[in-house]
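Asker: just a sequence and a predicted model for now, questions to come.
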Protein chains: 2
Amino acid sequence: MLNVCFRMDKTHTPLSPEPIKVATLHTAENSTAEAAAGRLTARIDGALDRYSQFEDGCPPELGEAIRYALLAPGKRLRPRLVLLAAEACGGVVDEALPAACAVEMIHTYSLVHDDLPAMDDDDLRRGRPTCHKIFGEALAILVGDALLARALEILATDVKPADRAARCCAALGRAAGATALVGGQASDLAGGVTGDDVPSLESIHRRKTGALITASLELGGIVAGAVPERLAALREYGQLLGLAFQITDDLLDVAGSQAAVGKRLAKDADCGKATYPQLLGIEASRDRAAELVERACGAVAVFGDAAQPLVEIARFVRDRNR
Amino acid sequence: MLNVCFRMDKTHTPLSPEPIKVATLHTAENSTAEAAAGRLTARIDGALDRYSQFEDGCPPELGEAIRYALLAPGKRLRPRLVLLAAEACGGVVDEALPAACAVEMIHTYSLVHDDLPAMDDDDLRRGRPTCHKIFGEALAILVGDALLARALEILATDVKPADRAARCCAALGRAAGATALVGGQASDLAGGVTGDDVPSLESIHRRKTGALITASLELGGIVAGAVPERLAALREYGQLLGLAFQITDDLLDVAGSQAAVGKRLAKDADCGKATYPQLLGIEASRDRAAELVERACGAVAVFGDAAQPLVEIARFVRDRNR
């Protein structure tokens, strides 16, 4: 069942920070943005590595499968949003890293389960065979379960003080649950939207994609002790960015490069599922994503200069090619 | 996909407390014990019912599938242990109900996932078709995911004050994770113990069954503000009881009634997996369970009369027929 090509153990070369390719950000100023993104990604990857080294009791193949899924090269968008939200609120990266890792674990668990044959049945993820293709379905189910439990354990243990930990657990538990992430996936599996119903499409994406992106911002704010008004601004940014992210995901699905995106493309159309480009057209979808991103940036204007990295990452989402 | 015979919605008759059949507890004194167990079970079932009514965002079929799995008649052993541990430490049932429900949700999620075709492939659970037989594999995977997330959300939201909530989330997240519940299932799936290796068998059961039973006791103690010595006593009781529970599970697997137990029996032997009766013999297994139960009762002697319900439930585990 094991394919040693994909082993990732302690002797493996540490994941290097990935360069971020953003078509519209190739100015001198944005070299700084890329460097900053690389700095955060390296911190996140280091913490994910530490948090996925389990003590006695975790069978070696389970640990290996968890690390295969979790440490695969990803954009780390959600954990970066956690860290940037915390920094925008005056917090520091070290305090926010546990929450950043917890969010990435929830994201990874959802990918592993969504890729299962009984679900979306995908073979390729983050440019590699999906977890169940390497480790089998049973272990892939358990990988997801273990990541979900671990995410909440990390929040509860390492976010300080305890009232912030409890609020983070409540927010992430809700975002991962039946009315959000899982509910959106269930609606999508039930057939998604097959007519021309943009509000229904947005309802699925608000839950399946938007809720976890919004929770990323919220967790960053909670960890940094943000006041309610600032938390509300972060949530608004997250909701708008989440929707923009899904639109660009749909655009990549019809016009992206599979090698760059790292997963099977043109899938929604093959399944007869409605997408933004199909409902609105490609140009209008791009315009809608751009408008949402500008509104997201407006929502965090209250943070002043401290919001600049959030503005930059929102524009990365608008212009992304992967 | 839906079988309306098994629908459980808000118009369904509330689950009535089940009588507990314990061969050796038919004395006048133990009618009181049965009445007390029925009282707790009714409180637990009521709270599970409330906690599984989801707001907007949860697709109806997902909500129905969650309630089908969660509200099926069960022994409610683990949530009763949470409540009894809290009461032994001077706590009250109301304060401990969120933790009791969280533990039962984790237990139910693990049953739903373990029953999947890719895992143990079981058709019968709690006397009914398993969740995936009624709702399909994809929804059964999502039911487990949603229950796991909901359990932690409930702990984080409804256990007060926040430092107890965070400690409960940490303990339950760990008990549900890669070094405990999930790790034990992964070891079991990898073939369990096929030789005559009692320590390896116990290692699997300590994780797969014992960790959640131990966490039930621990959560009850945390919620009630128990001091470290009392928490340690509860954990010791839980570890011993968890092992005794697994031995009686193995005994029921070879000598129980499928109608009473409500799941497929003689399964481990069919799979060539080692069990206690096979390694030790039936009589020696009974003796070992009885010895563990007596040691468990000894561990909580420090609580005095307040431990009596924990003593009674331990003897129920020793003598159970389901």
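Answerer: All right, it came through fine. Numbers count the residues shown, from 1 in each chain, chains lettered A, B, ... in the order given.
Asker: which stretches of chain A form strands?
Answerer: With DSSP state E as the criterion, chain A has strands at A:124-125, A:128-129.
Asker: centre-most residue in chain A?
Answerer: Nearest residue to the geometric centre of chain A (CA atoms, centre = their mean): A:R78, 4.1 Å.
Asker: not counting residues beside it along the chain, what's closest to the residue of the stretch 201-322 of chain A found nearest chain B?
Answerer: Closest residue of the stretch 201-322 of chain A to chain B, CB to the nearest CB: A:R207 (5.7 Å). Quick note: C-beta positions are derived from backbone N, CA and C, even for glycine. Nearest non-adjacent residue to A:R207, counting by CB to CB, 6 or more residues apart in numbering or on different chains: A:G184, 3.0 Å away.
Asker: residues in contact with that neighbour?
Answerer: Neighbouring residues of A:G184 by CB atoms under 8 Å, 6 or more residues apart in numbering or on different chains: A:I204, A:H205, A:R206, A:R207, A:K208, A:T209, A:A211, B:G57.
Asker: switch to 6 Å and redo it
Answerer: Contact analysis of A:G184 by CB atoms under 6 Å, 6 or more residues apart in numbering or on different chains lists A:I204, A:R207, A:K208.
Asker: of the residues you listed, which is the nearest to B:P228?
Answerer: Nearest to B:P228 among these: A:R207, at 41.6 Å, using CB to CB.
Asker: which residue packs closest to the residue sitting furthest away from the middle of chain A, ignoring adjacent ones?
Answerer: Going by CA atoms, centre = their mean, the residue of chain A most distant from its centre is A:D56, 29.3 Å out. In space, and not counting its chain neighbours, A:D56 is closest to B:T179: 6.9 Å by CB to CB, 6+ apart.
Asker: the one you found reaches A:C58, doesn't it?
Answerer: Yes - taking contacts as CB atoms under 6 Å, B:T179 lies within contact range of A:C58: 4.8 Å.
Asker: for the stretch 151-300 of chain A, what lies in contact range of chain B?
Answerer: Within the stretch 151-300 of chain A, the positions lying close to chain B (CB under 6 Å from any CB of the partner chain) are A:152-153, A:156-157, A:162-163, A:165-166, A:169-170, A:173-174, A:176-179, A:182-183, A:186-187, A:189, A:207.
Asker: what lies in contact with stretch A:284-300?
Answerer: Here stretch A:284-300 has contacts from A:233, A:236-237, A:240-241, A:243-244, A:247-248, A:251, A:276-277, A:307, A:310-311, A:314, A:318, using CB under 6 Å, 6+ apart.
Asker: again, only using 8 Å
Answerer: A:88, A:233-234, A:236-237, A:240-241, A:243-244, A:247-248, A:250-251, A:276-277, A:280, A:307, A:310-311, A:314-315, A:317-318.
Asker: could you export the strands of chain A as a markdown table, including distance to A:V82?
Answerer: A markdown table is the format used below for these (distance: least, CB to CB, whole Å):
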| stretch | distance to A:V82 |
| --- | --- |
| strand A:124-125 | 22 |
| strand A:128-129 | 24 |
